[in-house]
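Student: I need the structure of the sequence given here:
(one chain, ligands or ions: 1)
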Amino acid sequence: MNAAKRYIISCSFGKDSLATILLAKKHGEPLDEAVYCEVMFDKTISGEVPEHRDFIYTRGIPALERMGIKVTVLRGERTYLDLFTGRITRGPKKGMLRSFPICGRCAVQRDCKVKPIRRYQKSLPPDTIQYIGIAKDEQERLLRLGRNQVSLLEKYNCTEQDAWELCEKAGLLSPVYAITDRGGCWFCPNAKRRELRHLYDHHPELWARMLELQALPGKATEKFNRTQRFSDIDAAFRQEDEQLDLFREAA
Ligand code: SF4
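Tutor: Modelled structure (predicted):
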């Protein structure tokens, strides 16, 4: 092994990246650093689902540090709010607020996640090995692994279910899996109904921020996701609650 070579992992603190770290430790694989990029809603509020953010800072990072792994937290220069309130500079919508990110072409992914990670990667030696948490049953994603990218889950024959069990056994399974099976921002246009309902029920202060944004005038799009405004989703949940109340009163 080249002594100067660096080994890092991109860590979202989801089951696949944490299981990769657990496997590296178990099998004595070299690992110098875990790099986590936190998307921010604004300067102070994280874009992580709050339960996952708590897990990252109160359990995930301390556990890695106890294992002797350096943890680097990256944040982009721009936040969701910066992107939302930025103005379009050309074309027919010039001057309007950029507003909600587009499904499938998320500017948050590009500016708040990919950019800071790429900038950090450029500061590393070019032969740095990057572990990527892709399970052996994710063949399509494994085929897309680039040069100097390695899946320890594949090397040690670990499926997504195995990764789940490894993390659970180590007490390192994020509580976010009780809400969703995918990682992502709480304001994601790809969020499933169940995730949005969780936000509505348990984080009304975040929900209110989205309704405030929906109410801003001069937006390039009124749609939060492919089909609905955020206010439509809010109205639907309120209606569900009212019907439930009526049902309870009648029972
Ligand atoms: S989770 Fe959703 S909102 Fe966040 S960066 Fe990815 S696509 Fe964009």
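
Student: and stretch 194-209, anywhere near the ligand?
Tutor: No - using Cβ under 6 Å from any ligand atom, no contact is recorded between stretch 194-209 and the ligand, whose separation bottoms out at 10.4 Å. To be clear about C-beta, it is placed using only N, CA and C from the backbone, and glycine gets the same treatment.

Student: tell me the mean pLDDT for that stretch?
Tutor: For stretch 194-209, the mean per-residue pLDDT is 98.

Student: buried sites along it?
Tutor: Along stretch 194-209, these residues count as buried under the neighbour rule (16 or more other Cβ atoms under 10 Å): 195, 196, 197, 198, 199, 200, 206, 207, 209.

Student: measure that stretch end to end?
Tutor: With Cα to Cα, to the nearest Å as the measure, the first residue of stretch 194-209 is 19 Å from its last.

Student: just want the most central residue of this structure.
Tutor: Centroid check for the chain by Cα atoms, centre = their mean gives residue 184 as the closest residue, at 3.2 Å.

Student: show me the contacts for that residue.
Tutor: For residue 184, the contact set (Cβ atoms under 8 Å, 6 or more residues apart in numbering) comprises 49, 190, 191, 195.

Student: let's see that with 10 Å instead.
Tutor: Applying Cβ atoms under 10 Å, 6 or more residues apart in numbering, we find residue 184 in contact with 12, 14, 39, 47-49, 52, 106, 108-109, 176, 190-192, 195.

Student: just the buried ones from those residues, in ChimeraX syntax?
Tutor: Buried residues within the contacts of residue 184, by 16+ other Cβ under 10 Å, are selected in ChimeraX with:
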select :12,14,39,47,48,49,52,106,108,109,176,191,195
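
Student: which parts of the protein sit against the ligand?
Tutor: In this structure, the chain approaches the ligand at residues 39, 101, 106, 108, 109, 113, 184, 185, 188, 190, judged by Cβ under 6 Å from any ligand atom.

Student: make a markdown table from the residues you listed and add secondary structure and pLDDT to it.
Tutor: Written out in a markdown table, the entries for the residues of the chain next to the ligand read as follows (DSSP: H, G, I helix; E, B strand; the rest coil; pLDDT from 0 to 100):
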| residue | secondary structure | pLDDT |
| --- | --- | --- |
| 39 | coil | 98 |
| 101 | coil | 96 |
| 106 | coil | 94 |
| 108 | helix | 97 |
| 109 | helix | 95 |
| 113 | helix | 96 |
| 184 | coil | 92 |
| 185 | strand | 97 |
| 188 | coil | 97 |
| 190 | coil | 95 |
